[in-house]
Every structure is written in C-alpha cells, then in structure tokens.
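Trainee: Need coordinates for the below:
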Amino acid sequence: MTIQPDGSMKAILKTASFALTAVMMLLVSCGGDNTPREKQIDLNVPGAAQRSNRDSTIEQDTSVTDTAAITHTAELRTTAGVITLGLFGNDAPLTVTNFIKLAESKYYDGVLFHRVAKGFVIQAGDPFTKDSTKRAAWGTGGNTYTMKPLPDETNPESKAMKQGYSPGILAMANKMQPNTGTSQFFICLDAAGDLAQQFSIFGKVLRGMDAVKKIEQGEADENDGTGQTPKNPVRIISIRIQKSIP
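Mentor: Numbering: from 1, shown residues only. Coordinates of the predicted model:
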C-alpha cells in the first residue's frame, strides 16, 4: 500500500529539500577551502612601489565619497596620447609643488615610462631614461627641484590617502624607505589597491585612461630580467600645468 503525504507533509518535505540543496551549493562554492589567497607580483626594481602583505581579499573602503580637491591640472603629452592629471595640492602640497616645479623646468620632457607592471602600475620620472646607453640604470635616477628628498605626505586622514591606490591614482615612488621621494611617479592600475599606504597620493587621471592602457599593453623587453621594462617605451613629450578654478 502506498501512503500519500498530506498537504502539510508535502510542505515540510519541500522545505527540507530546498535547505539541503542550499547547503550543497554553499559547500561547492567554497571548494572546501576558504583560505585567503594573496596575489604576488615581482617588484625587484629600484625606487619602485611595493605591495603590502595584507590579505588581498579584504575589500577597500567604498564609503568615502568626498574626494580630494584638485588645485592644478597637468596635461601630459606622450607618444601614446594625452593624459590629463588632477593634482591634490591641498592634501600633498610638497609633492605637488615638486612635480609642478620640475614640469615647468621641462625636467620631464623626453623622460620615458621605464616601468610597466601590467595590471599594477606604470612608472616614469627618471631622467636617466633620456639616455639609451644608461638602460641598465633606468629606475635608479631622479631628483627634486630642491635637490633634497621629499618628505612623505601619507596622512591616513587626508582625503587623498583615503581614496586608496585605485586605478588612475597618481602617487610618488620612493626608494623603499621613508621620505626618499624624488621625481619618479606612478599611475595605478587594477591591482595596485594592495599597496601599503607609504606612497604619497598627489593626483589622479581625469582624462586619458585610454593612453594609460596603451602604455600598459606595450611589449616587454625580452632581455630584461624583471619583465617590466618596455621594449619600446612611451615618451613624455611635454607637461603643461594649469591652476584649477575653485
């Protein structure tokens, strides 16, 4: 004899089946291993930005809506196109002043984007890159307009630093020691959010991320051990500075 469940029994069985299915789906999605994975990037380049050891699965704070004020714009004319930067002169006055003074003195004219860490950063500002015979030293040169190293401007409470190293953010490179910034800077790409907050954020890309991406997609030099030196580096032709209107 077959016993047919009544309406209430059907509901109970249906609920139990749904719960069992949900548990099975959760186990499959976890893959039996919920250990955080940290992405690794080779950063054996002098004066280059390095990643922190923090858990890369921790999400950035997206609650910050009040961004840093733009006091100046810098139009970088490069062989890959024009990149327009907004500079945070209130939050990083020393770094911005240094960048402006160097740009106005044409220090950056002819300098190459000597480092392209795909998905991470593109980096420029080393005057050695104007000389192809100094290729082995690319990434080690640079100076400030005062001829003294820049102090870090990394106050975690500043609006600039609260933005984090998101794509398009402009930051100052250093020699992996405090207060050692000179003329080298980098523009963040997708994976730069894992950086420790030890690099002064002093601007962001307003227009020209297509040019940034073009630089990123350049072919790497096969003879370079790091894989981060472009075969045909993009050159900065000139930089034009303008003061922003409040």
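Trainee: Please name the bridge partners of the residue nearest the centre of the chain.
Mentor: Centroid check for the chain by CA atoms, centre = their mean gives Cys188 as the closest residue, at 2.0 Å. Counting by DSSP bridges, Cys188 is bridged to Val121.
Trainee: so who does it touch?
Mentor: Phe120, Val121, Tyr165, Ser166, Pro167, Gly168, Ile169, Leu170, Ala171, Leu195 (CB atoms under 8 Å, 6 or more residues apart in numbering). To be clear about C-beta, it is placed using only N, CA and C from the backbone, and glycine gets the same treatment.
Trainee: Could you measure from the fifth one over to Lys148?
Mentor: What it means is Pro167. As defined by CB to CB, to the nearest Å, Pro167 lies at a distance of 32 Å from Lys148.
Trainee: Am I right that Pro149 is in contact with Thr182?
Mentor: Yes - between Pro149 and Thr182 a contact is recorded at 6.4 Å, counting by CB atoms under 8 Å.
Trainee: When the two are compared, which one has more neighbours?
Mentor: Thr182 (23 against 17; other CB atoms under 10 Å).
Trainee: ok, the more buried one touching Gly142?
Mentor: Yes - between Thr182 and Gly142 there is a contact under CB under 8 Å: 3.6 Å.
Trainee: for the contacts of Cys188, which one is nearest Ile201?
Mentor: Ala171 (4.9 Å; CB to CB).
Trainee: Apart from its neighbours in sequence, what residue is nearest that closest one?
Mentor: Phe199 (4.4 Å; CB to CB, 6 or more residues apart in numbering).
Trainee: Now that neighbour: phi and psi?
Mentor: phi -120, psi 120 (degrees, to the nearest 10).
Trainee: Tell me how many other residues crowd the residue nearest to Ala69 when sequence neighbours are not counted.
Mentor: Distances taken as CB to CB, 6+ apart place Asn90 nearest to Ala69, at 5.2 Å, with adjacent residues excluded. A count of neighbours around Asn90, defined by other CB under 10 Å, yields 14.
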